[in-house]
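[1] prediction below, plus the sequence it came from.
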Amino acid sequence: MAGNANMKPIISKMFCSSSKVVLVVRRRPHMVSGGGFVVTDCSQKVVFRVDGCGVLGKKEELILSEGDGEPLLLIRRKGGLVEALSINKQWKGYSFNYEGSRKSVFSLKEPKACFAKKQPIRISVDQREYSNSEDFEIKGHFPDRECSIVNSRGDIIAQVGVMKEVEKLMASKDLYYVAVTPGIDQAFVFGVIAILDYIFDGSTRC
């Protein structure tokens, strides 16, 4: 798994590690706190939480928080005429600053159903520090928990998979891992994972 240890943080350098990090995603049932999922480390400490529309009361809106509940990202799908005329559905991730105001951090373009086979899912970072050459793309199939986020050079920055011993015990994909490359912003990665969960009828949907 190739990476860029000098990559600038997208959400915060707090979430960038100098070594590879493997985190586990556990989906919450819809009836427990309205759905969503939690992300834990090897000691089972909760690192991130994602709340879906069952908690927020709004469709196509998600919140990524730290383990202690401090919000990091508000994620929304954009609508309107521009999207209606586009071949893509667009999602936006907004970070919260200390005053509570929001800033656009990244965009994800989800191809509409009739274009899904020809158009990959692409992510671009909405910051001056990044150029279009550092956009990202989803490779593989998220519903099977076999996919990766790659940069424009084809390097894998995060890999989604199912542990074989778990797969034998569980037919569902409610428990899976995400391996994040050194230097990569883990909060950004799980912001993208939250959108993929919603797109593919995951626990974040109502």
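    All right, it came through fine. Just so it is clear, the model here is predicted, and its values are computed rather than measured. Numbering: from 1, shown residues only.
[2] what's the weakest-modelled helix or strand in the protein?
    helix 81-84 (a mean of 53; mean pLDDT, DSSP states H and E).
[3] helices or strands up against the helix or strand that it is followed by?
    Sequence-wise, the next helix or strand downstream of helix 81-84 (DSSP states H and E) is strand 88-96. Packing partners of strand 88-96 (3 or more CB pairs under 8 Å, 6 or more residues apart in numbering; DSSP states H and E): strand 71-78, strand 102-111, helix 186-199. C-beta here means a position set from N, CA and C on the backbone, and glycine is covered the same way.
[4] so where do the strands sit in this protein?
    21-28, 36-40, 46-51, 61-66, 71-78, 88-96, 102-111, 122-125, 136-141, 146-151, 156-161, 175-180 (DSSP state E).
[5] quick one: closest of those to residue 198.
    The minimum distance between residue 198 and those falls on strand 61-66, with 6.3 Å, by CB to CB.
[6] other residues contacting the closest one?
    36, 47-53, 55-56, 71-77, 187, 190-191, 194-195, 198, 204 (CB atoms under 8 Å, 6 or more residues apart in numbering).
[7] mind doing that once more with 7 Å?
    The set of residues external to strand 61-66 that reach it, using CB atoms under 7 Å, 6 or more residues apart in numbering, is 48-53, 56, 71-76, 187, 190-191, 194, 198, 204.
[8] ok, back up a step: and the helices and strands packed on strand 88-96, which one's lowest on average pLDDT?
    Ranked on mean pLDDT, the bottom entry among those is strand 102-111, at a mean of 88.
[9] can you give me the pLDDT of the residue lying closest to residue 73 once chain neighbours are set aside?
    Leaving aside its sequence neighbours, residue 73 sits nearest to residue 64 (CB to CB, 6 or more residues apart in numbering; 4.1 Å). At residue 64, the model reports a pLDDT of 96.
[10] what's the burial count for residue 64?
    By the measure other CB atoms under 10 Å, the count of residues near residue 64 is 26.
[11] so it bridges to which residues?
    Legend: beta-bridge partners of residue 64 under DSSP bridges are residue 50, residue 73.
[12] also residue 111?
    residue 88.
[13] near it, how many residues? Count them for me, please.
    17.
[14] I figured it hits residue 122, correct?
    No: contact criterion CB atoms under 7 Å: residue 111 and residue 122 do not qualify, at 8.9 Å.
[15] residue ranges in this structure under the pLDDT threshold?
    For the chain, the stretches flagged by pLDDT under 70 are 1-7, 29-34, 54-57, 80-87, 98-101, 112-118, 127-133, 165-172.
[16] buried ones in stretch 194-206?
    Residues of stretch 194-206 classed as buried: 194, 195, 196, 197, 198, 199, 202, 203, 204, 205 (neighbour count, 16 or more other CB atoms under 10 Å).
[17] how about JSON lines for the helices and strands packed on strand 88-96, with distance to residue 155 added?
    Formatted as JSON lines, these follow (distance: least, CB to CB, whole Å):
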{"stretch": "strand 71-78", "distance to residue 155": "23"}
{"stretch": "strand 102-111", "distance to residue 155": "18"}
{"stretch": "helix 186-199", "distance to residue 155": "14"}
